[in-house]
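[1] Build me a structure from this.
(chains A, B, C, D, E and F)
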6 protein chains.
Amino acid sequence: MIYLTRRERFSAAHRMFRQDWSDDENKKVFGKCSNPNWHGHNYNLHVTVKGEMSKENGFVMNLDTLKSIIQEKVIRKIDHKNINLEVDFMKGLIATTENLAVAIWNELEPHIENEGAQLHCVKIEETENNSIEYYG
Amino acid sequence: MIYLTRRERFSAAHRMFRQDWSDDENKKVFGKCSNPNWHGHNYNLHVTVKGEMSKENGFVMNLDTLKSIIQEKVIRKIDHKNINLEVDFMKGLIATTENLAVAIWNELEPHIENEGAQLHCVKIEETENNSIEYYG
Amino acid sequence: MIYLTRRERFSAAHRMFRQDWSDDENKKVFGKCSNPNWHGHNYNLHVTVKGEMSKENGFVMNLDTLKSIIQEKVIRKIDHKNINLEVDFMKGLIATTENLAVAIWNELEPHIENEGAQLHCVKIEETENNSIEYYG
Amino acid sequence: MIYLTRRERFSAAHRMFRQDWSDDENKKVFGKCSNPNWHGHNYNLHVTVKGEMSKENGFVMNLDTLKSIIQEKVIRKIDHKNINLEVDFMKGLIATTENLAVAIWNELEPHIENEGAQLHCVKIEETENNSIEYYG
Amino acid sequence: MIYLTRRERFSAAHRMFRQDWSDDENKKVFGKCSNPNWHGHNYNLHVTVKGEMSKENGFVMNLDTLKSIIQEKVIRKIDHKNINLEVDFMKGLIATTENLAVAIWNELEPHIENEGAQLHCVKIEETENNSIEYYG
Amino acid sequence: MIYLTRRERFSAAHRMFRQDWSDDENKKVFGKCSNPNWHGHNYNLHVTVKGEMSKENGFVMNLDTLKSIIQEKVIRKIDHKNINLEVDFMKGLIATTENLAVAIWNELEPHIENEGAQLHCVKIEETENNSIEYYG
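    Modelled structure (predicted):
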């Protein structure tokens, strides 16, 4: 088993809040991250796939294919966008990094499997100090 | 002459646009950065001050004082905020990193001078690939 | 299961040595790290907790709470301190990064559990080239 | 169980290709990485070993010993070299990072075991965006 | 005056040597960097341009234009290539980072000036420890 | 004129204080950095030299020579040492990064000049947020 990780980046706006909570409740739970006028981040997305190495070409999975899948299924939809308002796979979810990692996992998994590899981990760094990992 | 640099970080939303331009004009000049629903970044702010080293304490300027000035005059106003809507020193300016660097210079300069040092450079990294420097 | 990692930083002095060994024995095992006049590092501490994501707020654990625990139980006691002489949770232990990781685990674990999450990993980077991980 | 990671670096040239394939076939599978005139990278090699912490010295394994093994068995043979033409442990293998990770594992494992620790992971970063991990 | 810096990356093979010197002379001056079988690096290229900020759009220079110029004039020609054999603007020059910086300056300068800005600095990081800057 | 920068690293203990001041006075000016039991850092030292590029070998200055000078004159004396007690070129100086930069400049300058280049800048990063530059 070999693990291959590709990093892609996106910049997006978001806020953490629940519509069914008052502004005060949102502020209490989500703090400055619930600012109604939004804030944003440069996110680092690390996608790790695993599989046997092909004897034919020495790859777990073609890296260009992996890049294309991440670009098409995630980056194109989220880069320079508002995560709460414009990203289809985040509709109805609180815009935490936790939910983002799970949603990106769901976006990517079938397409990685189509290529004969397995999705192993989706890691998102929201700032240099905070990150989330999801293993399915 | 010695140069002292302090890095602080902030995360904010913005969009680049002019109200007196049509959406198409804005898109043509500012591209994806003009998205009406905002996007955002983790910004690195590097503030460089210069001066003679004090013989009494071996400092150009007290670092805690420099931190406090940057926190009070910049970070408190811009972190987890919308640069276009909520930041007083960006009012009426297009939210480019160029304008941000000049505006932050203007915020900081008198307070650095009060401490007996000179502001030398304001550098802002918007992403790991793009940065702006302003020397007054 | 979701994994959340928070990085905090501290700068400290230490030396590796055993009081019951001669200087020569200490030097043979610990090399330049046994310097009797101390040396020091900027340490990066990465604390990873895991748990189910709350449906109510989309969090594994409130990040501000996690920060406060790490600050209160570790950083406040070790930052700008001498690890051998001043840090209660390192009393009687050789000041290796291995012992530091285990001791920090023991400091943090009950307080993470109190919050309904589990401590997963304590990782300490001593330099950009050397790091230790402990999983309990 | 404690995990100790040491990073070492090397710069090398390589190309990905199979001699039994035409240039067109190589280009189709390996893209720009099959350039017959070579290209190269700064590789980061992260070697993780695991074991019980010694009660005598507080180490999983002596870090200087680990460094010497990596230098002697890997870096000396590959740094400022051509991976396809000059590196004995890559002879007959397609010069993918996957094969490199497995080959380095095989180089290191017996020597780590000789020291009473276990090799846990070989991770190679080929660029800041692409990396491979192998756990044996 | 505002300074705008764009980072781009390329991976390439090279060797430092003079054809009119013996292997021994080359080795004496260029050391392991003269390896006849090549070696390679991930290079970071930082291009800094300067100019007045446009009152119309708040830019020193359009960043997409700057990216396109660097891609077209430099990256397309050098990424995944052999600097000695395949890069037109390095023909006849010893493949040191110094020569590379000057040659890239010459490639870029007229195109930056066409856009109404001035080229200020070409900086190349060859490894995390070594870099070259050229200011024309 | 070409500028060549070499980074070297050292880890050291220090405290900022004046013997002729009371503990309270030291604490007031130097804060937690005056801890009598020491603390420490991983320092990054960036040494920039400048000169004409040699037509014979394409170098500003031989990088191996530059490395040797920095190792011999600075790193060997300060790495894994106590800056206040053990470093000859810091004797009698308050152990601020400002004084360190000036002292390292004085250590290096004659040896760089001997090699036909000029010392341009000594930059020291004390933490990822704080740095000092000195240009002579």
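[2] Would you agree A:W38 is in contact with A:L85?
    No: the criterion here is C-beta atoms under 8 Å, and A:W38 misses it with A:L85 at 9.2 Å. C-betas here are computed from N, CA, C, even on glycine.
[3] These two: which has the busier surroundings?
    A:W38 (28 against 16; other C-beta atoms under 10 Å in any protein chain shown).
[4] State the distance from that one to chain F.
    Per C-beta to the nearest C-beta, to the nearest Å, A:W38 is found 27 Å from chain F.
[5] What helix or strand is the nearest residue to that residue once chain neighbours are set aside located in?
    Among residues not flanking A:W38 along the chain, B:A13 sits closest, at 4.0 Å (C-beta to C-beta, 6 or more residues apart in numbering or on different chains). Using DSSP states H and E, B:A13 maps to strand B:2-14.
[6] Describe which strands that strand pairs with in its sheet and in which direction.
    strand B:39-51 (antiparallel), strand B:81-82 (parallel), strand F:130-134 (antiparallel) (DSSP bridges).
[7] which residues sit against the shortest one?
    Same thing as strand B:81-82. A:35, A:37-39, B:12-14, B:38, B:87 (C-beta atoms under 8 Å, 6 or more residues apart in numbering or on different chains).
[8] switch the cut-off to 6 Å
    A:37-38, B:12-13, B:87 (C-beta atoms under 6 Å, 6 or more residues apart in numbering or on different chains).
[9] for the residue nearest to A:W38, which residues make a bridge with it?
    Beta-bridge partners, per DSSP bridges, of B:A13: B:G40, B:N82.
[10] Number of residues surrounding it?
    Neighbours around B:A13, by other C-beta under 10 Å: 29.
[11] so who does it touch?
    A:13, A:38-40, B:38, B:40, B:82.
[12] will you turn these into JSON lines that also has distance to A:G136 and pLDDT?
    As requested, the contacts of B:A13 are exported to JSON lines (distance: C-beta to C-beta, whole Å; pLDDT from 0 to 100):
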{"residue": "A:A13", "distance to A:G136": "28", "pLDDT": "98"}
{"residue": "A:W38", "distance to A:G136": "30", "pLDDT": "98"}
{"residue": "A:H39", "distance to A:G136": "29", "pLDDT": "98"}
{"residue": "A:G40", "distance to A:G136": "28", "pLDDT": "98"}
{"residue": "B:W38", "distance to A:G136": "31", "pLDDT": "98"}
{"residue": "B:G40", "distance to A:G136": "28", "pLDDT": "98"}
{"residue": "B:N82", "distance to A:G136": "35", "pLDDT": "98"}
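[13] Just the buried residues of the helix or strand bottoming out on mean pLDDT in chain A, please?
    Least confident helix or strand, chain A: helix A:23-30 with a mean of 95, by mean pLDDT, DSSP states H and E. With burial defined by 16 or more other C-beta atoms under 10 Å in any protein chain shown, the residues of helix A:23-30 counted as buried are A:26-27, A:29-30.
[14] is chain C contacted by it?
    Yes: looking at helix A:23-30 against chain C by C-beta under 6 Å from any C-beta of the partner chain, the contacts come from A:V29.
[15] Return the member of the buried residues of helix A:23-30 nearest to chain F.
    A:F30 (26.5 Å; C-beta to the nearest C-beta).
[16] what's the distance between A:E98 and chain B?
    Noted for A:E98: a distance of 17 Å to chain B, by C-beta to the nearest C-beta.
[17] do the same with A:W21
    18 Å.
[18] which one is that residue nearest to, not counting chain neighbours?
    Using C-beta to C-beta, 6+ apart, the nearest residue to A:W21 is A:V29, at 7.6 Å.
[19] Also A:G31?
    A:G31 sits nearest to C:D64 (C-beta to C-beta, 6+ apart), 6.2 Å away.
[20] Tell me which helix or strand the one you found sits in.
    With DSSP H and E as the criterion, the answer for C:D64 is helix C:63-70.
[21] immediately after that helix, which helix or strand?
    Immediately after helix C:63-70, counting by DSSP H and E, sits helix C:76-78.
[22] Show me which positions of that following helix end up buried.
    For helix C:76-78, a neighbour-count test (16+ other C-beta under 10 Å) marks C:77-78 as buried.
[23] before we move on, back to that, so the residue nearest to A:W21 is in contact with C:N57, correct?
    Yes: A:V29 lies in contact with C:N57 (C-beta atoms under 6 Å); the separation is 5.4 Å.
[24] and stretch A:23-39, how far out from the chain's middle?
    Offset of stretch A:23-39 from its chain centre (C-alpha atoms, centre = their mean, to the nearest Å): 22 Å.
[25] Then stretch A:51-70?
    20 Å.
[26] do stretch A:53-63 and chain E meet?
    No: using C-beta under 6 Å from any C-beta, stretch A:53-63 never reaches chain E; the gap is at least 12.9 Å.
[27] Output that stretch as CSV, nothing but the C-alphas.
    Extracted in CSV, the C-alpha atoms of stretch A:53-63 (Å, rounded to 0.1, in the frame of the first residue of the first chain):
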residue,chain,number,x,y,z
MET,A,53,1.7,0.6,-7.0
SER,A,54,1.1,-0.4,-10.6
LYS,A,55,3.9,-2.6,-11.9
GLU,A,56,3.4,-1.1,-15.3
ASN,A,57,4.0,2.5,-14.6
GLY,A,58,5.2,2.7,-10.9
PHE,A,59,2.2,4.9,-9.9
VAL,A,60,-0.5,4.5,-7.2
MET,A,61,-2.6,6.7,-9.4
ASN,A,62,-1.8,9.2,-12.2
LEU,A,63,-1.1,12.5,-10.5
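[28] Mind listing what's buried along that stretch?
    Those would be A:53-54, A:57-63, for stretch A:53-63 by 16+ other C-beta under 10 Å.
[29] A:E107 - that's part of a helix, no?
    Yes: looking at A:E107 with DSSP: H, G, I helix; E, B strand; the rest coil, it is inside a helix.
[30] can you tell me which residues contact it?
    A:E107 touches A:73-74, A:89, counting by C-beta under 6 Å, 6+ apart.
[31] same check, this time on A:Y134
    A:101-102, A:105, A:122, C:2.
[32] What's the nearest residue in chain A when you look at chain F?
    For chain A, C-beta to the nearest C-beta, closest residue to chain F: A:E128, 8.7 Å.
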